[in-house]
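Participant: compute the structure for the input listed below.
(chains A, B, C and D)
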4 protein chains.
Amino acid sequence: MGLTTGILPTGSHNDIADVPGVRVGHATLCTGAGPLVRGAGPVRTGVTAILPHGGNLFAEKVPANAFVLNGFGKSMGLPQVQELGLLETPVLLTNTLSAFGVADTLVSYTVEQNPEIGVTTGTVNPLVGECNDGYLNDIQGRHVREAHVQAALAAASGSDGTVLQGCVGAGTGTMCFGFKGGIGSASRVVGDYVVGALVQANFGKRSDLLIAGVPVGQHLLQYPGEEGPEPDDVPPGSIMMVLATNAPLDSRQIGRLCKRGALGLARVGGSAGNGSGDFVIGFSTAYRVQHVAPAELASFTVMRDDAPAMDRLFLAAVEAVEEAVLNALFTARTVEGRDGHVGFALPVSRILSRII
Amino acid sequence: MGLTTGILPTGSHNDIADVPGVRVGHATLCTGAGPLVRGAGPVRTGVTAILPHGGNLFAEKVPANAFVLNGFGKSMGLPQVQELGLLETPVLLTNTLSAFGVADTLVSYTVEQNPEIGVTTGTVNPLVGECNDGYLNDIQGRHVREAHVQAALAAASGSDGTVLQGCVGAGTGTMCFGFKGGIGSASRVVGDYVVGALVQANFGKRSDLLIAGVPVGQHLLQYPGEEGPEPDDVPPGSIMMVLATNAPLDSRQIGRLCKRGALGLARVGGSAGNGSGDFVIGFSTAYRVQHVAPAELASFTVMRDDAPAMDRLFLAAVEAVEEAVLNALFTARTVEGRDGHVGFALPVSRILSRII
Amino acid sequence: MGLTTGILPTGSHNDIADVPGVRVGHATLCTGAGPLVRGAGPVRTGVTAILPHGGNLFAEKVPANAFVLNGFGKSMGLPQVQELGLLETPVLLTNTLSAFGVADTLVSYTVEQNPEIGVTTGTVNPLVGECNDGYLNDIQGRHVREAHVQAALAAASGSDGTVLQGCVGAGTGTMCFGFKGGIGSASRVVGDYVVGALVQANFGKRSDLLIAGVPVGQHLLQYPGEEGPEPDDVPPGSIMMVLATNAPLDSRQIGRLCKRGALGLARVGGSAGNGSGDFVIGFSTAYRVQHVAPAELASFTVMRDDAPAMDRLFLAAVEAVEEAVLNALFTARTVEGRDGHVGFALPVSRILSRII
Amino acid sequence: MGLTTGILPTGSHNDIADVPGVRVGHATLCTGAGPLVRGAGPVRTGVTAILPHGGNLFAEKVPANAFVLNGFGKSMGLPQVQELGLLETPVLLTNTLSAFGVADTLVSYTVEQNPEIGVTTGTVNPLVGECNDGYLNDIQGRHVREAHVQAALAAASGSDGTVLQGCVGAGTGTMCFGFKGGIGSASRVVGDYVVGALVQANFGKRSDLLIAGVPVGQHLLQYPGEEGPEPDDVPPGSIMMVLATNAPLDSRQIGRLCKRGALGLARVGGSAGNGSGDFVIGFSTAYRVQHVAPAELASFTVMRDDAPAMDRLFLAAVEAVEEAVLNALFTARTVEGRDGHVGFALPVSRILSRII
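Facilitator: Presented below is the predicted three-dimensional model:
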């Protein structure tokens, strides 16, 4: 749209699937209208699946780590990722109250691929993140069912690499800076390496929004358009950030990358409000760790911490998260949800006419 | 049984319900026999509920914290407890693969009490811990259903204060030190205060067992009885430790208490093996934090860190966890599960004849 | 200078001393010129003291916490601050290799006020942060001596509230974004509360500098002035961030504030490079904790996490750190150090003509 | 002495120097008698140096990590070790108030070997631990000077592998369980690997002491000998635990090993009292990381987490720390310090006659 943020080059599609092998799929649930009928709707939610590779993740795990910027959230699977440094399932994103059911289905999915789980080998650690989309969605209804999770996983497996953004999947019902949020993605290139980010953006007060450093939120407060004033009953929100890279980083280093990803929030005006669950999950596709291996020892090749590329990877994480949030905002459209609640699309042309 | 461990006095019942207000309930699932038929059985599992008080926990939260000794586990709810220092649901324990469904039911339970969740207030953070009972149980079957969770919660609510131990609830199918494990509990008194522990014991190799410092495990390896040699296909296990106290501690201090609870493992020979998910969750009943409050400020009275009682509370946590594990072992009975797998009861009389 | 960043109002002086009771003092060492003679000079360094209050800090501690964004640094005292949540000495900042000697003097200073330390009471936990100013300074010489530390502490004690910024104290020899860095400070007001930040800015690559979101660094690379191209031998640097507030926060909450302070870095283009030791130390002046108290219990009044003011305090921390870094850059002047190394002042007028 | 603890075999000398390449040296300061004259004496302190290898540690770093069981302590260097996973200086132990001066000398030592530090390369992260020996020692006097540090380092470099224990080096003035503490060491063997521990034992109340699980402390309270009742004015103490291994572990895994080392405390009755700074520092000698390397990537061979040896290494850490504490107690002799304070040697024969 003529707007650039950051100084590093983007990947060819400027999304997380620029990291070779990474694929994304969504299941979008958008039915009903009118007043909230708990358990019935309106439904404005979904589930998003991110696959680090197209194989059997439980059998061939990838190095991973996580960073909790603000732990007001119900993400599942972090303690084990932080302890062992491995991701062994796809990453799924959904709404807060559906997260547990979604995790249960992710267990089913993994057990189907690996029937020995819990019988002749250990259990599995499903990785699920979530945001509260209850401003638009009948979140108590927990409408994301097993079939939706399987559909999102299948969509990711069969993906041609396209990453749909905006009001799709886990972003269907989210709000961001008092506007309609959603799924956003972006990428940055550092030499032979790519860092990609995908976010489920559901955080922020309108007053705080920065775009390329410009306090757009203040301007919009002063000169509201059809969106009117910021609704004061949007819940405090959250953001799930997923980082992928093909750079050869071990889990300690991925943990460092995740911390930098969190910094990206600050560049759009985020300050990790009390009620915002802000989690970063990162993985590398550079090598795999077999679930079963004949030998006691294993060899890995990783980047030295002081390699010049490391600092640029860190900046890439900051920039990719920043732009992923902006892309979520720029691709979302106006959505009316329960009880007349409206998530207005960011008035992009009005804003761009002011910024550029 | 004539055996004492530790130097502090126990509470009147020597269990976690010695902390005033704390109640425990179980639902025990024990059906079927013979070879494993995935999804059908045999079933050797259950769910255990611990209530910090008899009221509405979401409305009246209690200060809490957690410590991860070894994060190879799927416990849910820890990041938020660590961030906010509050527990807002009962603590539920179950088997690993049922944990997600159990958490989903805990959401239902809390939403029923608090129908505004996700509509006019935020969401809820269910606290669920788990162990892998797949050596005896058809864990893939995820047999713990909504009714079982509700039954355990109801049993806790209606409890007269009795804490059933051994092969009950979440301990129905667990193994410990190569013998049948289960639920164990113990308490210690420090002046006006009580520290209670409840564990779901499912960890350890037989060779490592210490009882009151005596290397009983070595003895049993050398002189096996009817239990025969240690089966080599017991999964590495885990232990969930829950600490309760009526001492006025804030979340930072409860986090310190949790670390000491983890030390209790070492006194029975535990060393937190790679595959053992070892989590400690602690809470205090000394004060409550309202979900909704009119004022911006709140006042709390807590113990000074350098109060002499603090060091004794720390020791109480060590001793209570140590004895809770022993109580799990001493109260468990021999259980045959899937595929002829047998969890033999600890040969208590043989051991005591040697120790005392 | 006509430039504003952030949306919250500043305190009356826009520095950390806007927090009532907080005082800052410096000792600045700037002697010699020409080639490096190890142990002799040139000397471009110093020490900066921040006092939470004018009394005896060991006797009357303040609640505190810390956050490590990137632990490539030698800060002292963090483990105890994180464990106990208390600050019991002034915060001192200096150069990396002098930090240990400075801490030793801080022990002397505290022992002089509290002669019972190590005799009839426990020891003291000196809090010292540092940056590597070796690009300009003979850092091996460890020129900061006891007298300088005492001078900085005395300057702080006797301060009228003025906070000198730029090439003073611990900022005398620092570099920032390839220009001369230094000490910077800023503040933000949230209702009755103030959040103040003071930074020792010594980090960043020129290419990355953002001012109010504008990629000034890229512009300066393309159109260098008298400062020429970025020197390629500036060490990777660090930033020490000190946050003060009079809001009634306990140590857990101050830890959350510190995390938000770290986000401020991202708004000036920082991404916490591998070699950058990025530490945040925070304290509140709202209440004190006595070293010796007659009672076992203590009462405190603190802000609820969900108070609306909390989110604004978090944003205040972001904005105060952002502007403190900019103030360090804007107040620094060109300094020539060892071996002809020059830290050029940021070409402010050239930049402002482009931004505003 | 006929007493065995634990089930794993010890190394040939049962000390930390059983890990090939590891060497230990002490400087012991023991002068003066009578009443405390601050700055003059009596002096009962020292410094202990542990070398991971005989080369230049800054140039050839070793993988390392640390765990803080209780952060009431002033250890230096932990944040960087935890961030980068590398140890780049010897580990030095001393008294609390001398720790900063000792670190300063460790900087000098490293700069002498690597004169480019702070000039053409970065700075150095000295690793220093400490305990409060002020019950016997004039700790305000900070009697450990540069020459003593250099002497300890030289003694370690020139060591034939002997590890002196008891009232030597940093253990000269420490107290443990109300008796004279000191330096203790032990080791355990797991296949081709050794885990060694060295502790500076300065913690615990007499009532709590367990030896091989026997509540010896309770017995000694009931039947005191010439040592009389426990003095009530011993400061709360601390313990520094250093773990070395030749097993090929990366820093994440060493962090896990350190956590298990902390469990060893519980087996002698420790419960990490509020005022006890309990830190574990671990390193592996299996590979080295060059300070300067030509390539951006580096390859490492490490043990898989699920290797059977890993669990035994974890148990080895528990047992080695347990026995190291006992060895400190068993090798210490009675020492009279300032003001008639006496640290009585543990009455070993009286105890053994009861235990064995």
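Participant: okay, CA-based contacts and neighbour counts for the rest of this
Facilitator: OK.
Participant: and the helix or strand hosting residue A:45 with chain B, contact?
Facilitator: Taking DSSP states H and E as the definition, one finds residue A:45 inside strand A:43-51. No. Among the residues of strand A:43-51, none lie within reach of chain B under C-alpha under 8 Å from any C-alpha of the partner chain; the closest is 13.2 Å away.
Participant: name the next helix or strand downstream of that strand, please.
Facilitator: Next helix or strand after strand A:43-51 toward the C-terminus (DSSP H and E): strand A:60-70.
Participant: and that next one with chain D, contact?
Facilitator: No. Strand A:60-70 is not in contact with chain D by C-alpha under 8 Å from any C-alpha; minimum separation 11.5 Å.
Participant: circling back to that earlier point, packing partners for the strand holding residue A:45?
Facilitator: strand A:23-31, strand A:91-95, helix A:146-157 (3 or more C-alpha pairs under 8 Å, 6 or more residues apart in numbering or on different chains; DSSP states H and E).
Participant: of all these, which one is nearest residue A:250?
Facilitator: Residue A:250 lies closest, by C-alpha to C-alpha, to one member of the helices and strands packed on strand A:43-51: strand A:91-95, at 18.4 Å.
Participant: and the closest one, what does it pack against?
Facilitator: Judged by 3+ C-alpha pairs under 8 Å, 6+ apart, the packing partners of strand A:91-95 are strand A:43-51, helix A:99-113, strand A:127-131.
Participant: need those in TSV (columns: mean pLDDT, distance to residue A:37 and mean neighbour count).
Facilitator: Shown next, in TSV, are these (pLDDT from 0 to 100; distance: least, C-alpha to C-alpha, whole Å; neighbours: other C-alpha atoms under 10 Å in any protein chain shown):
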stretch	mean pLDDT	distance to residue A:37	mean neighbour count
strand A:43-51	98	10	28
helix A:99-113	98	21	22
strand A:127-131	98	21	29
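Participant: deepest of the helices and strands packed on strand A:43-51, which one?
Facilitator: strand A:91-95 (a mean of 30; mean count of other C-alpha atoms under 10 Å in any protein chain shown).
Participant: now that strand and helix A:99-113, what's the angle there?
Facilitator: Comparing the axes of strand A:91-95 and helix A:99-113 via axes from the mean of the first three to the mean of the last three C-alpha atoms, to 10 degrees yields an angle of 150 degrees.
Participant: where in chain A is pLDDT low?
Facilitator: With pLDDT under 70 as the threshold, chain A has low-confidence stretches at A:1-2, A:356.
Participant: mind jotting down where the helices sit in it?
Facilitator: Secondary structure of chain A by DSSP state H: the helices cover A:78-84, A:99-113, A:146-157, A:216-222, A:251-266, A:308-331, A:348-355.
Participant: now the ones you listed in CSV, with distance to chain D?
Facilitator: As requested, the helices of chain A are exported to CSV (distance: least, C-alpha to the nearest C-alpha, whole Å):
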stretch, distance to chain D
helix A:78-84, 8
helix A:99-113, 20
helix A:146-157, 29
helix A:216-222, 37
helix A:251-266, 7
helix A:308-331, 8
helix A:348-355, 39
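Participant: let's have the ones you listed in a markdown table, adding distance to residue C:287.
Facilitator: Formatted as a markdown table, the helices of chain A follow (distance: least, C-alpha to C-alpha, whole Å):
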| stretch | distance to residue C:287 |
| --- | --- |
| helix A:78-84 | 35 |
| helix A:99-113 | 41 |
| helix A:146-157 | 51 |
| helix A:216-222 | 35 |
| helix A:251-266 | 30 |
| helix A:308-331 | 37 |
| helix A:348-355 | 45 |
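Participant: count the neighbours of the closest residue to chain B within the stretch 201-350 of chain A for me.
Facilitator: Minimum separation of the stretch 201-350 of chain A from chain B (C-alpha to the nearest C-alpha) falls at residue A:235, amounting to 6.5 Å. Neighbour count of residue A:235, defined by other C-alpha atoms under 10 Å in any protein chain shown: 24.
Participant: what does the stretch 201-350 of chain A put close to chain B?
Facilitator: Within reach of chain B by C-alpha under 8 Å from any C-alpha, the stretch 201-350 of chain A has these residues: A:233, A:235.
Participant: can you pull the residues of the stretch 51-200 of chain A lying near chain B?
Facilitator: Neighbours of chain B within the stretch 51-200 of chain A, by C-alpha under 8 Å from any C-alpha: A:68, A:70-77, A:79-80, A:82-84, A:96-98, A:100-101, A:103-104, A:107, A:111, A:117-123, A:125, A:132, A:134-135, A:138-140.
Participant: if we use 7 Å, what do you get?
Facilitator: With C-alpha under 7 Å from any C-alpha of the partner chain as the criterion, the stretch 51-200 of chain A meets chain B at residues A:70-74, A:76-77, A:79-80, A:83, A:100-101, A:103-104, A:118-119, A:122, A:125, A:134, A:139-140.
Participant: in CSV: the helices and strands packed on strand A:91-95, plus distance to residue A:275.
Facilitator: Shown next, in CSV, are the helices and strands packed on strand A:91-95 (distance: least, C-alpha to C-alpha, whole Å):
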stretch, distance to residue A:275
strand A:43-51, 20
helix A:99-113, 17
strand A:127-131, 11
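Participant: which residues does the closest residue to chain C within the stretch 51-200 of chain A contact?
Facilitator: Residue nearest to chain C within the stretch 51-200 of chain A (C-alpha to the nearest C-alpha): residue A:69, separated by 7.4 Å. If you count contacts by C-alpha atoms under 7 Å, 6 or more residues apart in numbering or on different chains, residue A:69 has them with A:262, A:278, A:279.
Participant: for residue A:237, which non-adjacent residue is closest in space?
Facilitator: Nearest non-adjacent residue to residue A:237, counting by C-alpha to C-alpha, 6 or more residues apart in numbering or on different chains: residue A:203, 4.4 Å away.
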